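>>> Need a 3D model of the sequence below.
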Amino acid sequence: MAEEQMTAPSVRVSPFWCGLTLVTGLYLAFLLALLGSTAAYTTPQHLWAALDSREIRFSIGLSLVSCTTSALLALLLAVPVGYLLSRGRFYGKAWLDAALDIPIVLPPMVVGLCLLIFFQTPAGKMIERVIPFTYTVAGVVLAQFVIGAAFAVRTMRGVFDHLSSRPEDVAMTLGCSRGQAVWLVTLPASRRGMFAAFSIAWARSLGEFGPILVFAGATRLKTEVLPTSVFIELSVGRLEAAVAVSLLMVALALIVLVAVRFMGEKL
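This is a model prediction of the structure:
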């Protein structure tokens with residue numbers, strides 16, 4: 001019997017995939033060029049000197065506290081709302097779904113203006129008698145929450161959409177109420193999704209500028225967070241300090257991105 005000759009299959013490169021790869025590569029190169037040019041603009045000495053200033057250290061601390069607080073509040077809202085949108089069956093669901101996306105599509109400055117005007121109404125003034133929001137740290141958290149919560153809700157709805165309802169139904173047949181089944185079965189299964197929702201809300205809060213500037217202001221050592229620090233440093237001509245703060249925000253965003261990827265959730 002003649003020995004069969006094994007030949008390697010020829011690989012044909014499709015122009016279609018080459019085109020897609022080229023477009024993706026060009027966009028990635030553009031992003032890396034932006035980050036690389038920004039990082040190369042300053043020196044480690046200038047970077048450390050800027051981050052060591054009292055105002056910048058205050059904005060770093062306030063950003064970490066406010067972003068964490070707003071992200072936690074966003075997650076507390078996103079879990080029940082996301083579950084309702086995913087598992088609920090009721091009239092007007094599509095309209096509710098669209099309405100919850102309003103903060104995503106509104107220009108950021110408009111969100112801040114809406115908050116500012118609301119707290120000038122009788123209802124808003126009543127709220128401010130209990131908790132002052134306008135031009136305060138609480139206002140910073142609220143402005144971040146309004147934007148971050150919309151993204152957290154989107155994430156949690158996707159998480160619940162991908163989770164099978166069968167384990168939850170089985171738990172109810174064994175005597176659990178709907179609330180108990182969600183608490184004991186669904187929420188533990190969605191913990192990675194909740195981490196992703198928290199992380200997305202945190203990252204969005206970190207980058208918010210327009211709503212905070214309009215509603216909470218950019219007062220140094222009072223309501224100054226990292227995005228407003230960049231604005232203030234640019235306005236007084238301290239470009240090195242603005243670059244230093246920008247690089248810090250990039251580093252924090254990358255840490256969040258890596259953490260979410262490590263947890264196995266795709267944004």
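
>>> can I assume Ala203 is in contact with Val256?
Yes: using CB atoms under 8 Å, Ala203 and Val256 qualify as a contacting pair, with a distance of 4.8 Å. Any C-beta I mention is one placed from the backbone N, CA and C, and that applies to glycine too.

>>> Against which helices or strands is the helix ranked longest in the chain packed?
Ordering each helix of the chain by length in residues (DSSP state H) puts helix 54-87 first. Counting contacts by 3 or more CB pairs under 8 Å, 6 or more residues apart in numbering; DSSP states H and E, helix 54-87 packs against helix 44-51, helix 93-99, helix 137-162, helix 191-207, helix 226-235, helix 239-262.

>>> Could you tell me how far that helix lies from the centre of the chain?
Computed by CA atoms, centre = their mean, to the nearest Å, the separation of helix 54-87 from the middle of its chain amounts to 9 Å.

>>> if we can go back for a sec, quick one: which of Ala203 and Val256 has more around it?
Higher neighbour count among Ala203 and Val256: Ala203, with 22 against 19, using other CB atoms under 10 Å.

>>> What lies in contact with stretch 70-81?
Here stretch 70-81 makes contact (CB atoms under 8 Å, 6 or more residues apart in numbering) with 100, 141-142, 144-145, 148-149, 151-153, 155-157, 187, 194, 197-199, 201-202, 205.

>>> swap the cut-off to 6 Å and go again
Contacting residues not belonging to stretch 70-81 are listed as 141, 144-145, 148-149, 152-153, 156, 197-198, 201-202, 205 [CB atoms under 6 Å, 6 or more residues apart in numbering].

>>> Take that stretch, keep the C-alpha atoms, and write them as PDB.
Included here for stretch 70-81 are C-alpha records, laid out as PDB according to Å, rounded to 0.1, in the frame of the first residue of the first chain:
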ATOM      1  CA  SER A  70     -21.900  56.700  44.300                       C
ATOM      2  CA  ALA A  71     -21.000  53.300  42.900                       C
ATOM      3  CA  LEU A  72     -22.300  51.500  45.900                       C
ATOM      4  CA  LEU A  73     -25.600  53.500  45.700                       C
ATOM      5  CA  ALA A  74     -25.700  52.800  42.000                       C
ATOM      6  CA  LEU A  75     -25.400  49.100  42.600                       C
ATOM      7  CA  LEU A  76     -28.100  49.100  45.300                       C
ATOM      8  CA  LEU A  77     -30.400  50.700  42.700                       C
ATOM      9  CA  ALA A  78     -29.200  48.600  39.800                       C
ATOM     10  CA  VAL A  79     -29.800  45.200  41.300                       C
ATOM     11  CA  PRO A  80     -33.600  45.500  41.800                       C
ATOM     12  CA  VAL A  81     -34.200  47.600  38.700                       C
END
